[in-house]
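Student: Need coordinates for the following:
(one chain, ligands or ions: 1)
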Amino acid sequence: MTLPIADPWYDTCHIAPNIWLITEPRVHPIFSANMHLVTGRDADLLIDSGMGIAPLRPVVDKLRGDAKKPLILLSSHTHVDHIGAAHEFETRLVHPVEAEEQAAPSPYSLVSADIPAPLAAMFVEAGYAPLWEYLVDAVPYGGYDLAAYEIKPAPATGTVEDGDIIDLGDWQAEVLHLPGHSPGQLGLWHGESGTLFGGDAVYDGPLIYDGAGMSIDDYAATLKRLRALSVEVVHGGHDPAFGRARLHEMIDDYLALWGKSG
Ligand SMILES: [Zn+2]
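Tutor: Here you go, the predicted structure:
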C-alpha cells in the first residue's frame, strides 16, 4: 500500500498571544498528540514533541522567530506520541521517574499489526476508532520508510518535580506532578491566566487509564486535584482545548465511573 504525501506534516495554530498549538493530523487519533509552544521574553518552552515522524525543530524555530533564544523541551510523559522528536532539542526536561524511559525508549512501530492486541483492544474499548493499517494515513515525504521508524534515545538534561517553576522571563508556570495515566505525568499551571497544560492527565477525549504503568487510584487523586484549580482553559495532550465546565463534567464522570466520587 502506498500512502499519500502530507507536506507540511505538522499543522500549526496560534491559540493565544504567546501560545502555538502544533499537531500531526495524519497520525491516527489515538497517537495524534498536541504539542504546545509557549514563547517568552528570555526563553521559549515546547511541551511535548509528537511522534518524531518528520523533523520538528525547523517548524518550532520558524514559529518562535528567534532560533537563538533558549528553548526548553518539557516532556509531559514518555509515551511514544509525546517524545518522538525529543532528540532534536538540546534542553530536555522530564519527571525523574520517567527519565530512564526517555533515555532508552521502548521500541515502537508504525505498523499497527505490531501493536500488542490487548493494547489495541484497550484503545477501542476506551472509545477510539480501530487502528488503521499503519499509525499514519500519509507519509511526510516521498520514499519515507515506514518500517525504519524508531524512537531515538533522548536522555533528559534535567528533571522537574511538583512545585518547580518554569520561568520564561515574563511568564512563569508551576510544574504539577499528575500521576495516573503514567507515573511521571506532568502538567503545567499558569495561575495568572488560569491556563492548565494537562498533558495526558486530562484532555477532551477518551482517557486511557488502565494500561501498563497506569493507576486508577493515582488518577482519581490527580483529577480531584485538578478540579480544585481555578481553571479557565485546559490545553490537553490530545484533542481541542476546553473550559472549566467541561473539565468538571469530565472529572465527575470519571470519578463516578471508577467509584471514587467521595
Ligand atoms: Zn500518554
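Student: contacts and neighbour counts: CA atoms only from here.
Tutor: Fine.
Student: Ranking helices and strands of the protein by mean pLDDT, which lands last?
Tutor: Of all helical and strand segments in the chain, the minimum by mean pLDDT, DSSP states H and E falls on helix 117-126, at a mean of 89.
Student: Check which residues of that one are buried.
Tutor: Buried residues in helix 117-126, counted by 16 or more other CA atoms under 10 Å: A120, F123.
Student: likewise stretch 166-179?
Tutor: I166, D167, L168, W171, Q172, A173, E174, V175, L176, H177, L178, P179.
Student: Run through who's touching it.
Tutor: Applying CA atoms under 8 Å, 6 or more residues apart in numbering, the contact partners of stretch 166-179 are 39-45, 95, 160-165, 184-191, 201, 215, 218-219, 222.
Student: ranges for the helices of the stretch 101-250 of the chain?
Tutor: 117-126, 216-227, 244-257 (DSSP state H, counting those that start in this stretch).
Student: Point out the most buried one among the ones you listed.
Tutor: Burial of the helices of the stretch 101-250 of the chain is given as mean neighbour count (mean count of other CA atoms under 10 Å); helix 216-227 ranks first at a mean of 19.
Student: now D7, nearest residue through space, not along the chain?
Tutor: P140 (5.7 Å; CA to CA, 6 or more residues apart in numbering).
Student: Quickly note the distance from that neighbour to G163.
Tutor: According to CA to CA, to the nearest Å, P140 and G163 sit 38 Å apart.
Student: What of A43?
Tutor: 20 Å.
Student: do D239 as well
Tutor: Here the distance between D239 and G163 works out to 26 Å (CA to CA).
Student: just L45 next, same as before
Tutor: As judged by CA to CA, L45 and G163 stand 17 Å apart.
Student: So which of the two has more stuff around it?
Tutor: Taking other CA atoms under 10 Å, L45 and G163 do not tie; L45 has more neighbours (21 against 13).
Student: Please name the residues that touch that one.
Tutor: Residues near L45 by CA under 8 Å, 6+ apart: L37, V38, T39, L71, I72, L73, L74, L168.
Student: Ranking by neighbours, what's the top pick from those residues?
Tutor: Ranking these using other CA under 10 Å puts L74 first, with 28 neighbours.
Student: Give me the subset of the contacts of stretch 166-179 lying in strands.
Tutor: T39, D44, L45, I165, L186, G187, L188, W189, H190 (DSSP state E).
Student: Can you check those and name whichever has the most neighbours?
Tutor: When neighbours are counted by other CA under 10 Å, G187 leads the ones in strands among the contacts of stretch 166-179 with 29 neighbours.
Student: Please look at it and F197 and confirm they touch.
Tutor: Yes. Taking CA atoms under 8 Å as the definition, G187 is a contact partner of F197 at 5.4 Å.
Student: what is in contact with those two at once?
Tutor: Counting by CA under 8 Å, 6+ apart, G187 and F197 have no shared contacts at all.
Student: Which neighbouring elements make contact with the helix or strand that P58 is a member of?
Tutor: Using DSSP states H and E, the element containing P58 is helix 57-64. Using 3 or more CA pairs under 8 Å, 6 or more residues apart in numbering; DSSP states H and E, no helix or strand is in contact with helix 57-64.
Student: which outside residues touch it?
Tutor: With CA under 8 Å, 6+ apart as the test, helix 57-64 has contacts from Y10, W20, L37, T39, D44, A67, E88, F89.
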